[in-house]
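Asker: sequence first, then the predicted structure:
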Amino acid sequence: MEARAVAAHKRFRQGQILKLVASEPIASQDDLRRRLHHMNVRVTQATLSRDLRDLKLVKTGGGYRTMGAVALEKPPVPSLAQVLREFLTDLRPAQNLLVLKTPPGGAQPIAVALDREAWKETVGTVAGDDTILLIFASNRVRREVEKRIQELLK
C-alpha cells in the first residue's frame, strides 16, 4: 500500500476509534478491536495500542476517554451529609454562632459543601484548618440549622 493510502486508512481508523469512544463506553482494547471489526475496520492489537497513544486516549473507570476530556472532568463533589459524616467531630453552639470542629484539614471540605448548599439562614461562614464558624441572624435560626446538621449526620 502506498504511503498516502496508509495515512488515509490510519486517519479513517482513528476517526472511527474516536467516534466509538465518544458514543459508548469501551472497557478494553479487545472490546474496541471487536467493535472496529464489526465496522469492517481490521486492526492488530499493536496498531490499536499505537492509535490509542497517538489519540491520547486513556482508560478510565467509564472506558476509554481523551486526556483532554478527563482533565476537564470535575471530580464528583461529595454531598454535605457525606463530608459532615467524614470530617465533623464536634458541634458547639454559642448564641447566634455555630462552631464546627474537624480534624486538621477537615474544615475546608465542609465549608465548601456548606457554601454550595447556600442556606438562606446563614449570614456568613468562616473556615480555618480545623474549625468552621457559621453566623446566623438569631439564636432561633442557629438552633434550626443545628437540628438540620444533626439530621444530616444520621
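Answerer: Looks like it arrived, so ask away. Residues are numbered from 1 along each chain as shown.

Asker: would you map out the domains in this protein?
Answerer: Following automatic domain parsing, the chain resolves into domains at 3-72, 80-152.

Asker: where among those domains is the average confidence lowest?
Answerer: Among the domains of the chain, domain 3-72 has the lowest mean pLDDT, at a mean of 87.

Asker: sorry, back to before: any chance of the domains of the chain in TSV with mean neighbour count as columns?
Answerer: No exception for glycine: its C-beta is placed from N, CA and C like everyone else's. Shown next, in TSV, are the domains of the chain (neighbours: other Cβ atoms under 10 Å):
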stretch	mean neighbour count
domain 3-72	14
domain 80-152	15
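
Asker: hmm, who's touching stretch 139-149?
Answerer: With contact meaning Cβ atoms under 8 Å, 6 or more residues apart in numbering, stretch 139-149 is reached by 84, 88, 91, 93, 95-98, 100, 119, 121-122, 134, 136.

Asker: again, only using 10 Å
Answerer: Stretch 139-149 is contacted by residues 80-81, 84, 88, 91-98, 100, 110, 114, 117, 119-123, 134-136, 138 when judged by Cβ atoms under 10 Å, 6 or more residues apart in numbering.

Asker: cool, stretch 3-21 as well?
Answerer: Outside of stretch 3-21, the residues within contact range by Cβ under 10 Å, 6+ apart are 1-2, 26, 31-33, 35-36, 38-43, 47-48, 50-52, 54-55, 57, 63-66, 69.
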